[in-house]
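Participant: Sequence first, then the predicted structure, then my questions.
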Amino acid sequence: MPDWKILDLIGDNRPPEFHLSLEELLLDVELPNPILLLYENPNAVVLGKNQNPWQEVDLEYAKTNSVPVFRRISGGGTVFHGPGNILFSFVERASGKFLIPMKDYNQRIISAFGSLGIQITEDERSCLFFNEKKISGNAQTLRNGKCLSHGTLLFDADLDFLNPLLDTEQIISNSKAVSSVRSRVGNLPANLKKKCVEEIGKLLEAQSTNIDQLNLDPSEIRVKQKKYLSWDWTFGKTPPFEVDSNALIKSKRNGTLKIEGGSLVSIRIEKEILIPYSPLAYLSREFFDYLNSVLS
């Protein structure tokens, strides 16, 4: 077994963009040991790399409740970060160009809970369940010969607050984005949070480390944080989709809107194609102004 290090940042009060940047940076630098990173974020919604925020998140609810939306570098579905939700990230050298099976990592988590008398099950999509409710969604990516496998563990998350965030009525068609598979979610026993972390560390025979010992370049973290906070990354990386204009505004003429890179690139009205002078951010004020001007 490799000599694992465990970097426990639970309770460090850093923002989500820092932890997402740290995960990515761990793939970009040379590390002498595989690392298990553990952290906890304030409220946030995190999309998979190939997802559509308008399709996955009630953005008005998120804005009203000051919940930021982020896009991560791995695939998979949308997850909620927040108090009571532990995030885990395994980073280690992969064998060739293949991801290390998610089941290998999940088995460690299942075994850790098993030693605490808690039975966790795994479905065909490698999600984890407790009492038939989903308590962990996870995803992977391969970069620079290293595998990142990360996911969530719900302990005492506010499920009443969480559920409306991931409930959207946006009507979208011909989407090239990956859609989340909805499951009924639940919490693990809150009193096992610390014990679970300890048990996973024991299974890995991991030694504790701190962020200073990793000798990471703070400027690289700052650059990546700017990316995660940018509209171009979170919304601009949205795969192409279409939407009927009548789902957005009342108009005399019906148009099919083509959205690429999170922006309106054309409207099809019967055989006529209208192209705005410049791409307009989807659902921005300029977007609606343009629609009303050409469809009324």
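Facilitator: Structure received. Residues are numbered from 1 along each chain as shown.

Participant: Mind giving me the packing neighbours of the helix or strand containing D232?
Facilitator: When elements are assigned from DSSP states H and E, D232 belongs to helix 231-234. Here helix 231-234 touches strand 69-71, going by 3 or more C-beta pairs under 8 Å, 6 or more residues apart in numbering; DSSP states H and E. C-beta here means a position set from N, CA and C on the backbone, and glycine is covered the same way.

Participant: Tell me where the stretch 1-150 of the chain has strands.
Facilitator: 5-8, 35-40, 44-47, 69-71, 79-81, 85-93, 121-122, 128-130, 133-136, 138-143, 146-154 (DSSP state E, counting those that start in this stretch).

Participant: Mind checking those for the one nearest to S173?
Facilitator: Ranking the strands of the stretch 1-150 of the chain by proximity to S173 (C-beta to C-beta) places strand 44-47 first, at 19.3 Å.

Participant: can you give me how far the closest one is from the chain middle?
Facilitator: 5 Å (C-alpha atoms, centre = their mean, to the nearest Å).

Participant: for stretch 75-86, same thing?
Facilitator: With C-alpha atoms, centre = their mean, you get 7 Å for stretch 75-86.

Participant: what's the span of it, first residue to last?
Facilitator: 19 Å (C-alpha to C-alpha, to the nearest Å).

Participant: now do stretch 2-15
Facilitator: Terminal residues of stretch 2-15 lie 30 Å apart, using C-alpha to C-alpha.

Participant: For it, list every residue counted as buried.
Facilitator: Buried residues in stretch 2-15, counted by 16 or more other C-beta atoms under 10 Å: 4-9, 14-15.

Participant: now stretch 148-166, how far from the centre of its chain.
Facilitator: Relative to its chain's centre, stretch 148-166 lies at 11 Å (C-alpha atoms, centre = their mean).

Participant: what does stretch 129-140 give?
Facilitator: With C-alpha atoms, centre = their mean, you get 14 Å for stretch 129-140.

Participant: Quick check: buried residues in that stretch?
Facilitator: Using 16+ other C-beta under 10 Å as the test for burial, stretch 129-140 gives 129-130, 134-140.

Participant: pLDDT score assigned to the residue lying closest to E199 once chain neighbours are set aside?
Facilitator: Using C-beta to C-beta, 6 or more residues apart in numbering and skipping the chain neighbours, the partner closest in space to E199 is A112 (3.7 Å). A112 carries a pLDDT value of 93.

Participant: Report the contact partners of A112.
Facilitator: Counting by C-beta atoms under 8 Å, 6 or more residues apart in numbering, A112 touches 196, 199-200, 202-203.

Participant: can you check E23 too?
Facilitator: Listed by C-beta under 8 Å, 6+ apart, the contact partners of E23 are 37, 72-73, 89, 91, 148, 150.
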